[in-house]
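Asks: okay, sequence plus prediction incoming.
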Amino acid sequence: MSELADLTVAQLLDHYRTRKASPLEAVDACLARIDRLEPSVNAVTTLVADRCRELAVESGKRWMAGNARPLEGVPFGLKDIIETAGVRTTGGSRLYAHHVPTETAAVAERLDAAGGLMLAKLQTFELAFGTTTDFGITRNPWDLGTTPGGSSSGSAAAVAARMLPLAIGTDTGGSIRIPASFCAVTGLKPTYGRIPRHGIMPLSWTLDHAGPMTRTVEDAALSLAVIAGFDPRDPSSDGPPAGDYSGSLAGGVKGLRIGIPTDWFFEMCDPPIEAATRQAIATLAESGAQLVDVALPNAKLAEPIGWMVMYAECASLHDETLDRLDEHGKEFREFLVSAQFVSAADYLKALRARRVVQQDFESAFEKVDVLITPGAISVAPRLDDMLSVIGDRGYPWADVISRTTFIFNVTGLPALSIPAGLNRDGLPLGIQLVARPFDEATCMRVGHAFQQVTDHHLAVPELVRNSLSGRIN
Amino acid sequence: MVSGPTAETLAVIAMDRDLEIPPEYIEVAAKGHRGMRPKLQMLRALRLQYLPPVIEPAAALAWIRKGGRKE
């Protein structure tokens, strides 16, 4: 027994294919789930129910007529910095609370064209930075007293709460992968340029990425195949055409060389997360992977590089509204004011130094096919203190939480966060898989292999388990 | 080692850039910059060579485009 809202993208498509359910029934199941859990979770900024239901009817007809598209009838949500023509896009900011775009972002256009059904715009920290938003606090479905992380807070919470099987998040320093770790969701930050950023409110053009957040790697592969690929409207858009990522999932890990960093990644990490990562390494080895230690001596430079770049580019991007500082929330305002004081010399040094960090990975990938690291270095902080607890000490989360993630925005490498268990308090732990530029397929192949022999990704929050209605066979 | 800019320093920079930022916000920014100082000094200590091959900002993007292969 399961509810339609509990099904993954792949399962939903199978249900449609075999006439076990229709897109309209799936949309209504998601709406019912949102209706029940949204008062507790607050993942949704704007619901687009009527339009979505109308499109679901059309999707149903396509399935019946045998001309269904790749994601035909799959409900999805978009982080609310992704523009949607005719549907407000707030950026989680008072400044844009009534902004109704006239164009739709490339990633949303592609999902629409593939038959996806946009059901909701999802909560984001203000303009993809910090912790807060003018649209209320989003809570982690695994423990409503904790944050889902961010800035793709609503995307992670909605997928974890089974409100939607697919959400698109964005990631400038870890904003897909950190909430994915906190919420036991699968989150992919692809290679820089892999998914066009056209129509997405920017935070830092050198570091911004968009990517899918789903419950399984299989679903991430189905989604990436639809949204990846060149778009001339994004100057950073690049890479080979999107491939059949699903087809490469089944390769397993036998013979693959998996790198284990000897620097940086395990030096500051909550012990249960390190243990989960080591266990995942052992599991992959049992499945036939070869383990190789790799040195990354310049990894420590990634944080200052990332911060300098993000500060400088954010300052430039928000120049237009610098005289409206008081309309920002406290965190974004503080960030934006600090950003004014980064020198051109430091910014350019940071941009050049990216190549130094990349050289570490260039060497590493001569010896290995994929790297494995902890995901977020702590579990989800409590909302009342926002401390990342590592061992027996708490740190302000913003100071430490991007330690394992920012480096892959700086280098542009694809990085996949997948669930790796729960801690003693029942909070999710994540691991991260990283591959060469544009080799998302290998990240997902390893992640899928892991999900075939473990069940961490199948864990369901108690909040959802207790939510009963509309069950189907 | 310098411990980072004071609020007075940042106020002068703001004035030079024709920015009108309330003093209380500049005070917070100065504190933030002082907190970040050790990491920034680590970046500043990195020496990138002048003689070719010179690393330009575009080199990072080029590396990604080439699939992470050596230049």
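Replies: Cool, got the structure.

Asks: going forward, measure contacts between C-alpha atoms and count neighbours the same way
Replies: Noted.

Asks: what does chain A put close to chain B?
Replies: A:191-192, A:238-239, A:301, A:303-305, A:323, A:334-335, A:337-338, A:340-341, A:346, A:348-355, A:358, A:362, A:411-413, A:436-438 (Cα under 8 Å from any Cα of the partner chain).

Asks: what helix or strand is the residue most central in space within chain B located in?
Replies: For chain B, B:L40 is the residue whose C-alpha lies nearest the centre (Cα atoms, centre = their mean; 6.7 Å). Taking DSSP states H and E as the criterion, B:L40 maps to helix B:23-45.

Asks: does chain A sit close to that helix?
Replies: Yes: counting by Cα under 8 Å from any Cα, chain A has neighbours in helix B:23-45: B:Y25, B:I26, B:V28, B:A29, B:A30, B:G32, B:H33, B:K39, B:L40, B:M42, B:L43, B:R44.

Asks: may I see the buried residues of the helix or strand following that helix?
Replies: Downstream of helix B:23-45, the first helix or strand assigned by DSSP H and E is helix B:58-65. Buried residues in helix B:58-65, defined by neighbour count with 16 or more other Cα atoms under 10 Å in any protein chain shown: B:A59, B:A60, B:L61, B:W63, B:I64, B:R65.

Asks: dump these to TSV, plus distance to chain A and pLDDT.
Replies: Shown next, in TSV, are these (distance: Cα to the nearest Cα, whole Å; pLDDT from 0 to 100):
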residue	distance to chain A	pLDDT
B:A59	7	96
B:A60	5	97
B:L61	8	96
B:W63	8	97
B:I64	6	97
B:R65	7	95
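
Asks: and which of the residues you listed is nearest A:D112?
Replies: B:R65 (27.9 Å; Cα to Cα).

Asks: ok, for the closest one, nearest residue in space, not its chain neighbours?
Replies: Excluding the flanking residues, the one nearest B:R65 by Cα to Cα, 6 or more residues apart in numbering or on different chains is A:G239, at 6.6 Å.

Asks: element containing that neighbour, please.
Replies: Going by DSSP H and E, A:G239 is not in any helix or strand.

Asks: that one contacts A:F438, correct?
Replies: Yes: assessed by Cα atoms under 8 Å, A:G239 is found in contact with A:F438 at 6.7 Å.

Asks: could you list the low-confidence segments of the stretch 1-150 of chain A?
Replies: Counting by pLDDT under 70, the stretch 1-150 of chain A has low-confidence residues at A:1-2.

Asks: generate a PyMOL selection restricted to the buried subset of the residues of chain A next to chain B.
Replies: Remark: buried members of the residues of chain A next to chain B, expressed as a PyMOL selection using 16+ other Cα under 10 Å:
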select buried, chain A and resi 191+192+238+239+301+303+304+305+334+335+337+338+340+341+346+348+349+350+351+352+353+354+355+358+362+411+412+413+436+437+438
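
Asks: which of the residues of chain A next to chain B fall in helices?
Replies: Within the residues of chain A next to chain B, residues falling in helices by DSSP state H are A:303-305, A:334-335, A:337-338, A:346, A:348-355, A:358, A:362, A:411.

Asks: count of neighbours near B:Y50?
Replies: By other Cα atoms under 10 Å in any protein chain shown, the residues close to B:Y50 number 8.

Asks: next: the one 3 residues further on.
Replies: B:P53 is flanked by 7 other residues according to other Cα under 10 Å.

Asks: can you check A:V87 too?
Replies: Under the neighbour criterion other Cα under 10 Å, A:V87 is assigned a count of 19.

Asks: isn't it right next to A:P101, touching?
Replies: Yes: with contact defined as Cα under 8 Å, A:V87 counts as touching A:P101 (6.9 Å).

Asks: hmm, back to that, closest to chain A out of the residues of helix B:23-45 next to chain A?
Replies: B:A29 (4.6 Å; Cα to the nearest Cα).

Asks: who's in contact with that closest one?
Replies: Contact analysis of B:A29 by Cα atoms under 8 Å, 6 or more residues apart in numbering or on different chains lists A:E334, A:F335, A:V337, A:S338, B:A7.

Asks: again, only this time at 7 Å
Replies: A:E334, A:V337, A:S338 (Cα atoms under 7 Å, 6 or more residues apart in numbering or on different chains).

Asks: measure the first one to A:A315 for me?
Replies: It stands for A:E334. Distance, A:E334 to A:A315, using Cα to Cα, to the nearest Å: 12 Å.

Asks: ok, now A:S155?
Replies: 26 Å.

Asks: more crowded one of those two?
Replies: A:S155 (38 against 22).

Asks: what's the neighbour count on B:M15?
Replies: Using other Cα under 10 Å as the criterion, B:M15 is surrounded by 11 other residues.

Asks: now it. Its backbone dihedrals?
Replies: Torsion angles at B:M15 (phi, psi; degrees, to the nearest 10) stand at phi -60, psi -40.

Asks: so how far is A:I431 from it?
Replies: Distance check for B:M15 against A:I431: by Cα to Cα, it reads 46 Å.

Asks: ok, A:A106 next?
Replies: Taken as Cα to Cα, the span from A:A106 to A:I431 is 29 Å.

Asks: pick the one among the contacts of B:A29 closest to chain B.
Replies: The closest of the contacts of B:A29 to chain B turns out to be A:S338 (Cα to the nearest Cα; 4.6 Å).

Asks: sorry, back to before: list the contacts of the residue nearest to B:R65.
Replies: A:R194, A:G229, A:F230, A:F438, B:R65.

Asks: quick one: it and A:I372, what's the gap?
Replies: Taking Cα to Cα, one finds A:G239 at 23 Å from A:I372.

Asks: what of A:F438?
Replies: In terms of Cα to Cα, A:F438 sits 17 Å off from A:I372.

Asks: do the same with B:A45
Replies: B:A45 sits 29 Å away from A:I372 when distances are taken as Cα to Cα.

Asks: more crowded one of those two?
Replies: Remark: of B:A45 and A:I372, A:I372 carries more neighbours, 24 against 9, as counted by other Cα under 10 Å.

Asks: so where does that one fall, helix or strand?
Replies: strand A:370-374.

Asks: helices of the stretch 201-350 of chain A, residue ranges please.
Replies: Assigned by DSSP state H, counting those that start in this stretch, the helices in the stretch 201-350 of chain A fall at A:217-227, A:271-286, A:302-317, A:330-339, A:344-367.

Asks: now mean pLDDT too, for those helices, in CSV please.
Replies: Shown next, in CSV, are the helices of the stretch 201-350 of chain A (pLDDT from 0 to 100):
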stretch, mean pLDDT
helix A:217-227, 98
helix A:271-286, 98
helix A:302-317, 98
helix A:330-339, 96
helix A:344-367, 98
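
Asks: how about those helices, which one is nearest A:Q11?
Replies: helix A:217-227 (9.3 Å).

Asks: how about residues contacting that closest one?
Replies: Helix A:217-227 has contacts (Cα under 7 Å, 6+ apart) with A:8-10, A:107, A:110-111, A:114, A:186, A:195, A:212-214, A:242-246, A:444, A:447-448.

Asks: how about stretch A:374-387?
Replies: A:145-149, A:178, A:181-182, A:265, A:269-270, A:273-274, A:277, A:388-390, A:394-397, A:401, A:404, A:417, A:427-432.

Asks: contacts for stretch A:79-98, please.
Replies: Contacts to stretch A:79-98, defined as Cα under 7 Å, 6+ apart, come from residues A:99-105, A:121-127, A:133-135, A:152, A:154-155, A:168-169, A:199-201, A:327-328.

Asks: these, buried ones only, as a ChimeraX selection?
Replies: Only the buried entries of those go into this ChimeraX selection, using 16+ other Cα under 10 Å:
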select /A:101,104,105,121,122,123,124,125,126,127,133,134,135,152,154,155,168,169,199,200,201,328
